[in-house]
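Visitor: Whatever this is, show me its structure:
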Amino acid sequence: MGELTLNIRRKVQPGELVDISQKDRENISELDFELPDTVIVKSLSGTFIGQFRWESGNVRLLICDRSKDDTTLPIVLLQSIPEPQNRFSRILEGCIELGVEFLIPLDTYYDKPVNDLQKLINATIADSSKQSMTDTPTDISEIMSLDKIDWSQFNTTNKICLSTEPVNTIRLSEAISIDKPHLIAIGPPRGWHSSEIEYFKDHGFHFVNLRSNILRTDTAGVVVSSIIKYIQGEL
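Guide: Okay, the predicted model is just below:
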């Protein structure tokens, strides 16, 4: 049996005491063995060793030292939701198989999620994790709009927005960093609304135009993530 791994959807630091997500609490309660002394904690600031702490009947997680095996530079994908929405399962499947660490489904101006999307997401995670035999599938957040994201956790992250809008753009090869985590924004087929473009400008994104290579919404994120992982030596 491998080490128990938990995902934290934000940056953490040694000495911090963090709450465990409802999903992780449910998974822990279903374990048929005693909790280990230490666990692996994957976060937006890297991989750490964690220890469980019990407080008033609730379990929390103490962030200890950075893992000696930590070479991961996490990729966070901000992904708009294409129509029909079953195409979103292809995106999630690709992320899980590639090893993209975090995915945030975006509620954008032109694409609005439907009520049963979460059910589709849950089914896809279960199936894709089994097929890829991964112990740490892509951690997916609730559906969010840009103004609901905590941007402070991405202060040291390299931010890339794929764009066909009339803004100053650079090549993907110029935008990728070899030694930083990445935040990648993929818009809907109709493109980004002008208000969303301004939002990305305000938060320090590099705008990238893939020139003659026009990728669909449900393939662009996985393609760009695979290129980044290749350049960073993870593939």
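Visitor: Assumed E234 was part of a helix.
Guide: No. In this structure, E234 is coil, not part of a helix, as judged by DSSP: H, G, I helix; E, B strand; the rest coil.
Visitor: ok, so what distance separates it from G99?
Guide: Going from E234 to G99 by CB to CB, to the nearest Å gives 7 Å. The C-beta positions use only the backbone N, C-alpha and C, and glycine is treated the same way.
Visitor: Neighbour count: those two, which is higher?
Guide: Higher neighbour count among E234 and G99: G99, with 18 against 14, using other CB atoms under 10 Å.
Visitor: So that one sits against K229, correct?
Guide: Yes. The criterion here is CB atoms under 8 Å, and G99 meets it with K229 at 7.1 Å.
Visitor: By mean pLDDT, point me to the weakest helix or strand of this protein.
Guide: Least confident helix or strand of the chain, by mean pLDDT, DSSP states H and E, is helix 117-132 with a mean of 63.
Visitor: So for the residue nearest the centre of the chain, what's the nearest residue that isn't a sequence neighbour?
Guide: Compute the mean C-alpha point of the chain, and by CA atoms, centre = their mean the closest residue is F102, 1.6 Å away. Sequence neighbours aside, V76 is the residue nearest to F102 in space, at 4.4 Å (criterion: CB to CB, 6 or more residues apart in numbering).
Visitor: May I have the phi/psi pair for the one you found?
Guide: Backbone torsions of V76, given as degrees, to the nearest 10, read phi -110, psi 130.
Visitor: What distance do you get for it to G99?
Guide: Counting by CB to CB, the separation of V76 from G99 is 13 Å.
Visitor: How many neighbouring residues does H193 have?
Guide: A count of nearby residues for H193, using other CB under 10 Å, gives 15.
Visitor: With V223 instead?
Guide: V223 has 18 neighbours, counted by other CB under 10 Å.
Visitor: Hmm, it is touching L215, no?
Guide: Yes. With contact defined as CB under 8 Å, V223 counts as touching L215 (5.8 Å).
Visitor: all helices of this protein, in order?
Guide: Assigned by DSSP state H, the chain shows helices spanning 22-29, 88-98, 117-132, 172-175, 194-202, 217-231.
Visitor: Which other helices and strands does the second one contact?
Guide: Looking back up the chat, that one is helix 88-98. Packing partners of helix 88-98 (3 or more CB pairs under 8 Å, 6 or more residues apart in numbering; DSSP states H and E): strand 75-80, strand 102-106, helix 117-132, helix 217-231.
Visitor: again, only using 10 Å
Guide: If you count contacts as 3 or more CB pairs under 10 Å, 6 or more residues apart in numbering; DSSP states H and E, helix 88-98 packs onto strand 75-80, strand 102-106, helix 117-132, strand 139-140, helix 217-231.
Visitor: Buried deepest among the ones you listed, which one?
Guide: Sort the helices and strands packed on helix 88-98 by mean neighbour count, taking mean count of other CB atoms under 10 Å, and strand 75-80 sits at the top with a mean of 26.
Visitor: Tell me which strands that strand pairs with, and in which orientation.
Guide: Applying DSSP bridges, strand 75-80 is found paired with strand 102-106 (parallel), strand 182-186 (parallel).
Visitor: Check E97 and give its pLDDT.
Guide: Looking at E97, its pLDDT stands at 82.
Visitor: before we move on, the earlier item: run through the residues that contact the residue nearest to the centre of the chain.
Guide: Counting by CB atoms under 10 Å, 6 or more residues apart in numbering, F102 touches 7-10, 42-44, 74-78, 95, 138-141, 181, 183.
Visitor: For it, give the beta-bridge partners.
Guide: Under the criterion DSSP bridges, F102 forms beta bridges with V76, D139.
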